[in-house]
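Student: after the sequence you'll find the predicted model.
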Amino acid sequence: MNAELSFRQERERLQSDFSAFVRSAWEIVEPNPLVWGWHMQAICMHLEAVRDGEVSRLLMNVPPGMSKSMLTSVMWPAFCWTTQPHLRFLCCSHSLDLALRDSVRCRRLLQSDWYQKRWPIQLVGDQNAKAKFETTSNGFRQAVAAGSVTGARADHFIIDDPHSVESAASEQMRKTTADWFLEAVPTRMNNPAAVYDDEGNIIKPASSIVIIMQRLHEDDVSGLCLSRNLGYTHLMLPMEFEANRKCVTQIGDYVFEDQRSEDGELLFEERFPREVVERDKRVLGPFAYSGQMQQRPAPAGGGIIKREYWQLWDDAEALAQGVNDASAYPPMSYILISADTAYTTRQENDASYITVWGCWDRGGASAKAFLSREGVKLELVDSRDTIPCVMLMWAKELRVPMHGETIERLSGEPLKAFEERQRRHWGIVQWIAHAAKTYNADKILIESKANGITVADEIKRLYKAASWDVELVNPGSVDKVARVYAVQSVFTNSQIWCPDKSWADHLMTQFESFPKAKHDDGVDSTTQAIRWLRDRKFLERQEEIAASINLSAAWKPKTKAVYDV
């Protein structure tokens, strides 16, 4: 009797405590010894809350190697069936092979002597396959690939890594997965809403969607959940702790917090000590490490163009350059407008982006010559004690048609109010012309693509008498990433400046996420401008100036006339 009582108590404990269930069942499906980490307790806690109806939408972002699939796709359905064998699970992954792998492991656990002794759940003989098996209580677990949900409905929909690294890099494949997630997944729920009794207790929980994945792109499935505020409880645990991104979730009356406190603390040091993390960081590179390990689809400070590469135009710098304060720019020798045009009003489409750049010479730097005309090494400071720089004077992201509406001035309406109201109806042509007039531009650059060619033609037609020139720029076969790398050295040489303005911050943030960002129109506009200025010697780097001075200072033999005169 004591043995039977002990057995029943243990079974009840395993039915109510998912982490205890995992510890006991681990060796049945995994030959490697269990190494327990506190993050596993956190995952178990949140999945328990889903089973109990306290959470119906759960998003978990954790690095690979944290046993996330084992806990969520293998152990959790078996745990839920210990008390509710009628539950139905749809379990998907980006690859059907991965979905089938976890389905086989879950079935192996259910049919093990350990499980059957405690919960003698029987599987239906005519529906007991790798892809789908059913219980005699009409529950089932079905494995599918992301994007191919059948007509089945479920109580719990588990989405385990909906993107592969390769598919996340493809815009078309990301869009296909996003459309499936937004349009197909929500329609596969048995109980769209929870059912309560008169006292407010849950009789039947709402069907759940559980997503567990690593971040691979700003616009991946996690990005959709977060950017659209789809109501997901978000468990986010990076490999290295970042205090400003500390994870806090609410489960009923309980508040969960990431237990770490110091930046850089590791998530699972028992399995991933510092030397392993640093090794993987070198192998993966900044972008892959940031997404897969830190759950941020862009490295802190940016990848190719870091935020710190931008030089801030503030009051102190303005005074050093002879300007009263940062509200005014230094005198510009040349002003360039660069536009990436995609005239459209739909928010999900690419935007048009206009940037205005002013060229100026910043004092306080030196370009040195190292050879005299006689070939003697000297340390001479050139009279041009300046370095050419470029200032981001203004930037604007727009989703507007090519031409705006023509509106009439209201009776008695002040001119300023009319102009402000009129501006809200401008198209991309009017916005570019406005920037050119406001900043007295010398040149307007527009990318030579279908939309750009039309916009350039319209500006030339409507503003024939304007002082600026319009030039179409063909980027050729060079891809966007290569274009950014081509201008990286100008950023690292402290030649790119911007004011402390929200529109400048917007552009820096887009660069910070590139090439993982959802939109990169500002990046295109910027690289177009800087490459054009570089090609025309507006933005020579210090070493290039020094080389030019060396060349001019070097000894040259006198040329002789071909014929005596």
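Tutor: Structure received. Values in this document were obtained by computation on a predicted structure and should not be read as measured data.
Student: please count neighbours and contacts with C-alpha atoms only from this point.
Tutor: OK.
Student: C-alpha coordinates for stretch 447-464, PDB please?
Tutor: This file holds the C-alpha atoms of stretch 447-464, laid out as PDB (Å, rounded to 0.1, in the frame of the first residue of the first chain):
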ATOM      1  CA  GLU A 447      18.000  56.000 -59.000                       C
ATOM      2  CA  SER A 448      17.400  54.900 -62.600                       C
ATOM      3  CA  LYS A 449      14.700  52.400 -62.100                       C
ATOM      4  CA  ALA A 450      11.100  52.400 -63.500                       C
ATOM      5  CA  ASN A 451       9.600  54.700 -60.800                       C
ATOM      6  CA  GLY A 452      12.700  56.900 -60.700                       C
ATOM      7  CA  ILE A 453      12.900  57.500 -64.400                       C
ATOM      8  CA  THR A 454       9.300  58.700 -64.400                       C
ATOM      9  CA  VAL A 455       9.900  61.000 -61.300                       C
ATOM     10  CA  ALA A 456      13.000  62.500 -62.900                       C
ATOM     11  CA  ASP A 457      11.100  63.200 -66.100                       C
ATOM     12  CA  GLU A 458       8.300  64.900 -64.200                       C
ATOM     13  CA  ILE A 459      10.700  67.100 -62.200                       C
ATOM     14  CA  LYS A 460      12.500  68.200 -65.300                       C
ATOM     15  CA  ARG A 461       9.200  69.000 -67.000                       C
ATOM     16  CA  LEU A 462       7.600  70.900 -64.100                       C
ATOM     17  CA  TYR A 463      10.700  72.800 -62.900                       C
ATOM     18  CA  LYS A 464      12.500  73.700 -66.200                       C
END
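Student: and for that stretch, what's in contact with it?
Tutor: Contact with stretch 447-464 is made by 339-343, 402, 428-429, 433, 446, 470-475, 528, as judged by C-alpha atoms under 8 Å, 6 or more residues apart in numbering.
Student: show me the contacts for residue 337.
Tutor: Residue 337 is in contact with 354-357, 435-436, 441, 443-445, 529, counting by C-alpha under 8 Å, 6+ apart.
Student: now it. Its backbone dihedrals?
Tutor: phi -110, psi 130 (degrees, to the nearest 10).
Student: and the pLDDT at it?
Tutor: Looking at residue 337, its pLDDT is 97.
Student: who does it bridge with?
Tutor: Per DSSP bridges, the residues bridged to residue 337 are residue 356, residue 444.
Student: before we move on, what about residue 388?
Tutor: Beta-bridge partners of residue 388, as defined by DSSP bridges: residue 361.
Student: and the one 10 residues further on, by the same measure?
Tutor: When bridges are taken as DSSP bridges, the partners of residue 398 come out as residue 352.
Student: quick check, it in contact with residue 341.
Tutor: No: between residue 398 and residue 341 there is no contact under C-alpha atoms under 8 Å: 9.0 Å.
Student: residues shared between the contacts of those two?
Tutor: Common contacts of residue 398 and residue 341, defined by C-alpha under 8 Å, 6+ apart, comprise 351-353, 428.
Student: from those, which two are the most distant?
Tutor: 351 and 428 (10.3 Å; C-alpha to C-alpha).
Student: measure the residue most central in space within the chain to residue 357 for me?
Tutor: Nearest to the mean C-alpha position of the chain, by C-alpha atoms, centre = their mean, lies residue 218 at 2.5 Å. To residue 357, residue 218 is 28 Å away according to C-alpha to C-alpha, to the nearest Å.
Student: re the thing from before, for residue 330, state which of the contacts of residue 337 is nearest.
Tutor: Relative to residue 330, the closest of those is residue 357; by C-alpha to C-alpha it sits at 12.2 Å.
Student: mind showing which ranges of the stretch 51-200 of the chain have poor pLDDT?
Tutor: For the stretch 51-200 of the chain, the stretches with pLDDT under 70 are 149-150.
Student: name the surrounding residues that touch stretch 310-321.
Tutor: Stretch 310-321 has contacts (C-alpha under 8 Å, 6+ apart) with 324-326, 328-330, 362-363, 491, 494-500, 508.
Student: name the helix or strand for residue 115, please.
Tutor: Assignment of secondary structure by DSSP states H and E places residue 115 within helix 113-118.
Student: okay, buried residues for that helix please.
Tutor: For helix 113-118, a neighbour-count test (16 or more other C-alpha atoms under 10 Å) marks 115, 118 as buried.
Student: and that helix, what does it pack against?
Tutor: Counting contacts by 3 or more C-alpha pairs under 8 Å, 6 or more residues apart in numbering; DSSP states H and E, helix 113-118 packs against no other helix or strand.
Student: residue 203: what secondary structure?
Tutor: strand (DSSP: H, G, I helix; E, B strand; the rest coil).
Student: from residue 197, how far off is it?
Tutor: For residue 203, the distance to residue 197 equals 6 Å [C-alpha to C-alpha].
Student: same check, this time on residue 426
Tutor: From residue 426 to residue 197 the distance is 55 Å (C-alpha to C-alpha).
Student: can you check residue 156 too?
Tutor: 22 Å.
Student: those two: who's more crowded?
Tutor: Set residue 156 next to residue 197 and count neighbours by other C-alpha atoms under 10 Å: residue 156 wins out with 26 against 9.
Student: go ahead and confirm that one touches residue 210.
Tutor: Yes: the criterion here is C-alpha under 8 Å, and residue 156 meets it with residue 210 at 7.4 Å.
Student: tell me which element the residue lying closest to residue 17 once chain neighbours are set aside falls in.
Tutor: Nearest non-adjacent residue to residue 17, counting by C-alpha to C-alpha, 6 or more residues apart in numbering: residue 48, 7.9 Å away. Residue 48 is part of helix 38-51, with elements assigned from DSSP H and E.
Student: could you name the helices and strands sitting against that helix?
Tutor: Judged by 3+ C-alpha pairs under 8 Å, 6+ apart, the packing partners of helix 38-51 are helix 18-29, strand 57-61.
Student: ok, now with 7 Å
Tutor: Judged by 3 or more C-alpha pairs under 7 Å, 6 or more residues apart in numbering; DSSP states H and E, the packing partners of helix 38-51 are helix 18-29.
Student: circling back to that earlier point, who has more neighbours, residue 398 and residue 341?
Tutor: The neighbour comparison of residue 398 against residue 341 (other C-alpha under 10 Å) goes to residue 341, with 31 against 20.
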